[in-house]
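Q: make a model of this:
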Amino acid sequence: MHIIDTNLIKQAVYILCVKANTEYNMGLYNKLYSLYQAASDNNYKIKLANILKNIKLAYDTKRPLCQDTGQVIVFLQIGQDVILSGGNISDAVNSAVESAYIDNYYRKSVVKNAIFDRTNTDTNTPAIIYSEIVPGDEINIKLLIKGAGSENYSTVKMFNPSASEKEIFEFIKESVITAGEKSCPPLVLGIGIGGTLDSAAIMSKKAFFKDTNTIPEDKFINNLRQMLSGFSDSVLDIKLMTSQTHIACLPVALTINCHSCRHFECRILNDKIIYKENHAEFKEIPDTTESLIKISANDADKIKMLKKGDRILLTGEIYTARDAAHKLIAEYYNEHNSFPFEINNKIIFYAGPCPKAKNEIIGPIGPTTSARMDKYCDLLYSNGLLATIGKGERSAGCKEAILKNHGRYFTAQGGIACVLARCVKKTEVVAFEQLGTEAVRKLYVEDMPLTVEI
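A: Predicted coordinates for the structure are as follows:
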C-alpha cells in the first residue's frame with residue numbers, strides 16, 4: 001500500500017494545465033515541420049510557417065497556443081494499492097484547474113449549464129473527470145485541453161456490425177470535410193471504436209495519448225490515410241483506440257482536434273511527480289509576409305476592390321464581437337434603431353481573447369467560427385458594416401448579404417493566437433463589458449495577416 005495526498009494531485013494538475021496550454025508536442029512539431037519543408041503551395045507553406053512560429057512564441061512567452069483554452073478533461077488512473085489522503089480528489093482537480101486558469105490569465109470558457117444557465121463560471125470549472133482503478137501503486141494523470149472549434153465537429157455513429165471498413169472511412173472522411181477550416185487544420189483525429197456510444201467517445205479522446213498501436217490498428221490507420229490522401233493537407237495525425245462491444249453494435253466515435261492537440265501527462269510515484277518528457281527543439285522559420293498586400297482599415301474603397309484569395313496585412317481600427325455580443329447588438333438595434341457602437345464602414349473580428357497578462361496589451365487572440373454569426377449578417381452589412389473577420393465558411397444567406405452590400409469577409413488563420421496578439425497595439429472595451437472575453441473591444445492592429453474569402 002502507498003499513501004498519496006490529494007494535494008500532490010492538485011499540484012500535478014496545475015502544472016499539466018500550464019504545460020498542455022503552452023508546450024507543443026514535439027512529435028507533432030516534427031510532423032508539421034516536415035509538411036512545411038515539403039509544401040509546394042505558397043499559401044499552405046505560409047500557413048504552416050505561422051503555426052510553427054506560434055508554437056515557439058507560446059513556448060518562449062509561456063502564453064497559450066490558442067485563445068480558446070478550452071474545457072479541461074482529466075483521465076485519472078489510480079493504482080489499487082494506493083490510499084488517498086487529504087481532501088476530495090475531484091475538489092483537488094477542480095481547485096488546480098481554477099488556480100491555473102486564474103494565475104496564468106487563461107480564458108474561462110465554461111458555463112454553468114448547457115441549456116438552463118449559460119452564465120460563465122469564471123473559473124473554467126468544473127473539469128470533466130474520468131477515473132478508473134488499475135493495478136499498481138501509482139497514479140497516472142492525463143490532461144486534455146479541448147477547444148470548441150474542433151469539438152463542435154466531433155461526432156459518433158452507431159454502425160451495423162456488418163459495416164465495412166470503407167463505410168467507416170467514408171464517415172470519417174465526411175466529418176473531416178465538414179470540419180474544414182472551422183477546426184483549424186491540419187487536424188489530429190482521435191478515433192474510438194467499440195464499447196457503447198459513450199465509451200467509444202471517451203476512447204476517442206484517450207486515443208490522443210497513445211504512442212504505439214497493435215498491428216491491426218496500424219493497418220487500419222494506414223488504410224484510412226489512403227482514403228484521406230486527397231485531404232493530406234487537412235490531417236496531421238490519426239490516433240486509434242478499440243475495445244470489445246455488443247454483438248449487435250459497432251460504435252465509432254471521432255474526436256476532431258486542431259493541430260495543437262493540447263495534452264500532457266504525468267505519474268505520481270513514491271510522492272514524486274514525474275512528467276512525460278517533451279524536449280523542445282525549434283527550427284528557424286523565415287519571414288512570410290513580404291508578398292502580402294498592405295491595407296488600411298480606413299480605406300473602404302480599396303477594401304471593396306479586394307478579390308477572393310488576396311492575402312493582406314491589415315492596419316487600423318477594428319472591433320471584436322462574437323456570439324453573446326451579436327445577440328445583444330441585435331437586441332439593442334431592435335430597441336433603439338441604432339447600434340451601441342459605430343459600424344458604418346467598420347470591421348468586426350469574431351474573437352474573444354484570453355485575459356491579458358501584466359506585460360501584455362491583449363492576451364492571445366484568434367478567430368472563432370464565423371458561421372455562428374451568420375444570422376446577423378443581413379442586419380449588420382445592410383446597415384453599413386464593411387467587413388468581418390473569422391474562420392470557416394459562411395452560409396449562402398450570409399454570403400448573399402455580404403455581396404449585396406458590397407462588403408467583404410476576411411479569414412484569419414486559426415491556431416496562431418500568440419502571433420495575432422502581437423499585431424494588436426491598442427485595445428479598449430466599448431460595449432457589453434459584463435460579457436468578459438465576449439465584450440466588444442476596439443482594437444488598433446498593425447499588419448494583421450488575413451485572406452479575402454468573400
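
Q: and the residue nearest to H279 when sequence neighbours are not counted, how many residues sit next to it?
A: Using CB to CB, 6 or more residues apart in numbering and skipping residues adjacent in sequence, the residue nearest H279 is M26, 6.4 Å away. For glycine as for every other residue, the C-beta is placed from the backbone atoms N, C-alpha and C. Around M26 there are 16 other residues, counting by other CB atoms under 10 Å.

Q: the residue lying closest to A179 once chain neighbours are set aside and K31: what is the separation?
A: In this structure, A179 finds its nearest non-sequential neighbour in Y153, 3.9 Å apart by CB to CB, 6+ apart. Between Y153 and K31 the distance is 21 Å, computed by CB to CB, to the nearest Å.

Q: what residue is smack in the middle of the chain?
A: The centroid of the chain falls nearest to G147 when counting by CA atoms, centre = their mean (4.0 Å).

Q: does it touch L65 like I think?
A: No - with contact defined as CB atoms under 8 Å, G147 does not reach L65; the gap is 9.8 Å.

Q: please enumerate the helices of the stretch 301-450 of the chain.
A: For the stretch 301-450 of the chain, the helices defined by DSSP state H, counting those that start in this stretch occupy 323-336, 377-381, 396-404, 417-421.

Q: just how off-centre is stretch 92-106 within its chain?
A: Mean-position distance between stretch 92-106 and its chain equals 19 Å (CA atoms, centre = their mean, to the nearest Å).

Q: how about it: buried residues?
A: Buried residues in stretch 92-106, defined by neighbour count with 16 or more other CB atoms under 10 Å: 92-98, 100-101, 104-106.

Q: just the CA coordinates of that stretch, formatted as PDB?
A: In PDB, the C-alpha atoms belonging to stretch 92-106 read as follows (Å, rounded to 0.1, in the frame of the first residue of the first chain):
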ATOM      1  CA  ALA A  92      -8.300  18.800  -5.800                       C
ATOM      2  CA  VAL A  93      -8.600  18.600  -9.600                       C
ATOM      3  CA  ASN A  94     -11.000  21.500  -9.800                       C
ATOM      4  CA  SER A  95      -9.100  23.700  -7.400                       C
ATOM      5  CA  ALA A  96      -6.000  23.100  -9.500                       C
ATOM      6  CA  VAL A  97      -7.700  24.000 -12.800                       C
ATOM      7  CA  GLU A  98      -9.300  27.100 -11.300                       C
ATOM      8  CA  SER A  99      -5.900  28.300  -9.900                       C
ATOM      9  CA  ALA A 100      -4.100  27.600 -13.100                       C
ATOM     10  CA  TYR A 101      -6.600  29.500 -15.200                       C
ATOM     11  CA  ILE A 102      -6.700  32.500 -12.900                       C
ATOM     12  CA  ASP A 103      -3.000  32.700 -12.200                       C
ATOM     13  CA  ASN A 104      -1.900  32.300 -15.800                       C
ATOM     14  CA  TYR A 105      -4.600  34.600 -17.400                       C
ATOM     15  CA  TYR A 106      -6.200  31.800 -19.400                       C
END
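
Q: what about that stretch, average pLDDT?
A: Stretch 92-106 carries an average pLDDT of 98.

Q: hmm, who's touching that stretch?
A: With contacts defined as CB atoms under 8 Å, 6 or more residues apart in numbering, stretch 92-106 is touched by 6-7, 9-14, 17-18, 21, 62, 64, 69, 72, 74, 76, 86, 107-108, 123-127, 129, 354-357, 360, 363.

Q: and those, which are buried?
A: Looking at the contacts of stretch 92-106 with 16+ other CB under 10 Å, the buried ones turn out to be 6, 9-10, 12-14, 17-18, 21, 64, 69, 72, 74, 76, 107-108, 123-127, 129, 354-356, 360, 363.
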